[in-house]
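K.L.:
Sequence and predicted structure below; questions after.
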Amino acid sequence: MSAASDTYFLIKDIKPGLKNLNVIFIVLEIGRVTKTKDGHEVRSCKVADKTGSITISVWDEIGGLIQPGDIIRLTKGYASLWKGCLTLYTGRGGELHKIGEFCMVYSEVPNFSEPNSEHIGQNKLAQGEQNNSSASSNMSSCTFGTLGNGLQTGPESSGFPFTYNHGHSYAGSGRGNGRGPVNPAPANSVQPFLPVGNGRDPRRAFKR
């Protein structure tokens with residue numbers, strides 16, 4: 001593993017345009033689910049470390065696994081602006097690993113995903129004149145759109161390059177998302193029936 005991949009960013013040091021970000025954070029809130037035109041599910045989650053909080057956009061299966069209180073290590077993520085709000089993404093080749101639960105020092109403030117004048121200026125330059133009015137009108141809400149500046153490329157690539165929760169199993173945890181072996185039935189659980197009318201005569205014959 002290279003020295004660069006061992007470098008972890010604090011949330012306060014994340015800036016728009018940074019790539020290959022490694023961050024450790026705790027999940028505070030899971031936002032509403034939105035769907036893209038292609039049918040992908042996108043969730044916006046509020047996460048935090050000791051320096052503050054930020055919003056991360058998570059796609060499809062991984063978003064369904066994440067729960068408040070999970071401590072997660074993001075590798076190869078990137079930061080971008082969505083409607084003037086600093087947002088963290090799992091980019092191409094990005095991974096989310098659950099490394100613990102609940103026990104982590106964090107601070108919800110400052111929230112680095114709240115819009116500020118610096119980000120608003122960058123957002124206007126990035127989106128062009130035609131989007132200035134819509135960007136300004138959405139500054140207070142910071143509600144996620146579906147594609148996050150169009151930079152999310154993971155789900156469109158071959159397969160999902162995200163992994164989550166190595167070493168921890170979600171099977172049987174009560175989150176039935178149709179993707180895990182929730183209460184799998186044993187292969188021999190179905191009892192074959194004898195081709196007889198009442199099933200009593202063969203047993204009596206064997207006992208005698």
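P.N.:
All right, it came through fine. Numbering: from 1, shown residues only.
K.L.:
biggest strand in the protein by residues?
P.N.:
strand 85-101 (DSSP state E).
K.L.:
Parallel or antiparallel, list what pairs with that one.
P.N.:
Partners of strand 85-101 in the sheet, by DSSP bridges, are strand 52-59 (parallel), strand 70-82 (antiparallel).
K.L.:
Mind putting those into TSV with mean neighbour count, mean pLDDT and distance to residue 116?
P.N.:
From N, CA and C alone the C-beta is placed, and that goes for glycine too. Converted to TSV, those look like this (neighbours: other C-beta atoms under 10 Å; pLDDT from 0 to 100; distance: least, C-beta to C-beta, whole Å):
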stretch	mean neighbour count	mean pLDDT	distance to residue 116
strand 52-59	23	95	13
strand 70-82	21	95	11
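K.L.:
Turn those strands into TSV, columns for distance to residue 105.
P.N.:
Shown next, in TSV, are those (distance: least, C-beta to C-beta, whole Å):
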stretch	distance to residue 105
strand 52-59	12
strand 70-82	11
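K.L.:
Which one, of those, ends up nearest to residue 111?
P.N.:
Closest to residue 111 of the strands paired with strand 85-101, according to C-beta to C-beta: strand 52-59, at 4.9 Å.
K.L.:
helix or strand right after that closest one?
P.N.:
helix 60-65 (DSSP states H and E).
K.L.:
I'd say residue 56 and residue 47 touch.
P.N.:
Yes. Residue 56 is in contact with residue 47 according to C-beta atoms under 8 Å; the separation is 5.4 Å.
K.L.:
Walking through this protein, point out its helices one by one.
P.N.:
Listed in chain order, the helices of the chain (DSSP state H) span 60-65, 117-127, 132-137, 201-207.
K.L.:
hey, least reliable of those by pLDDT?
P.N.:
Mean pLDDT values for the helices of the chain show the minimum at helix 132-137, a mean of 40.
K.L.:
Pull up the overlap in contacts between residue 56 and residue 47.
P.N.:
25, 88 (C-beta atoms under 8 Å, 6 or more residues apart in numbering).
K.L.:
picking that back up, looking at the strands paired with strand 85-101, which is closest to residue 110?
P.N.:
Of the strands paired with strand 85-101, the one closest to residue 110 (C-beta to C-beta) turns out to be strand 52-59, at 4.7 Å.
K.L.:
the bottom helix or strand of this protein by mean pLDDT?
P.N.:
Among the helices and strands of the chain, helix 132-137 carries the lowest confidence by mean pLDDT, DSSP states H and E, at a mean of 40.
K.L.:
for residue 70, what are its contacts?
P.N.:
26-27, 98, 100-101.
K.L.:
does it have beta-bridge partners, and which?
P.N.:
residue 101.
K.L.:
quick one: low-confidence ranges for the protein?
P.N.:
1-5, 117-208 (pLDDT under 70).
K.L.:
One more pass at 50, please.
P.N.:
Where the chain drops to pLDDT under 50, the residues are 1-4, 123, 125-126, 128-190, 192-195.
K.L.:
Many thanks, I have nothing further to ask.
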